[in-house]
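In: Let me see the structure of the following:
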Amino acid sequence: MWAQQGTTPGTPKLRHTCEQGDGVGPYGWEFHDGLSFGRQHIQDGALRLTTEFVKRPGGQHGGDWSWRVTVEPQDSGTSALPLVSLFFYVVTDGKEVLLPEVGAKGQLKFISGHTSELGDFRFTLLPPTSPGDTAPKYGSYNVFW
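Out: This is a model prediction of the structure:
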């Protein structure tokens, strides 16, 4: 999910999906094989979001997944990236417990868990990066039971 802040008065519009009638577009897959890799672009006003995923085969449960989200301004008159919030949520199908691991400065480093289907697993969050002299901010987290 994402929201661009400060572009319009009032509460920012939180986007969860791309729908033809909600003003997002164009959007779609640039390439993918439906199984192990893909890249899609989403145009949302002056923002271009790119999501990429790749699956590395192996292990007892099919392999590891990597995912990256990139946000770039598309307004040719500015190189400044507006304030954009990205939201990630991690859930399991059952009553399994997910445990957040928080770093020394309060940033969320990873989420670990266990399911009967996967066994032990870890969802790792790498530090955000940003071009130029802008500094990306680490997010906070909430746990809902």
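In: how far does the one helix or strand in the chain whose mean pLDDT sits lowest sit from the chain's center?
Out: Scoring the helices and strands of the chain by mean pLDDT, DSSP states H and E places strand 84-86 at the bottom, with a mean of 85. In this view, strand 84-86 has its centroid 9 Å away from the chain centroid, taken as Cα atoms, centre = their mean, to the nearest Å.
In: Show the secondary-structure elements that the helix or strand that it is followed by is packed against.
Out: Next in sequence after strand 84-86, counting helices and strands by DSSP states H and E, comes strand 98-102. For strand 98-102, the packing partners by 3 or more Cβ pairs under 8 Å, 6 or more residues apart in numbering; DSSP states H and E come out as strand 108-115. Where you see a C-beta, it was placed from the backbone N, CA and C, and this is true even at glycine.
In: okay, the strand it packs on in PDB with CA atoms only?
Out: The C-alpha coordinates for strand 108-115 follow below in PDB (Å, rounded to 0.1, in the frame of the first residue of the first chain):
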ATOM      1  CA  LEU A 108      12.200  -3.000  12.000                       C
ATOM      2  CA  LYS A 109      14.900  -5.500  10.800                       C
ATOM      3  CA  PHE A 110      12.900  -8.700  10.200                       C
ATOM      4  CA  ILE A 111       9.800 -10.700  11.100                       C
ATOM      5  CA  SER A 112      10.200 -14.300  12.000                       C
ATOM      6  CA  GLY A 113       7.500 -17.000  12.300                       C
ATOM      7  CA  HIS A 114       6.600 -20.600  11.900                       C
ATOM      8  CA  THR A 115       3.800 -22.300  10.000                       C
END
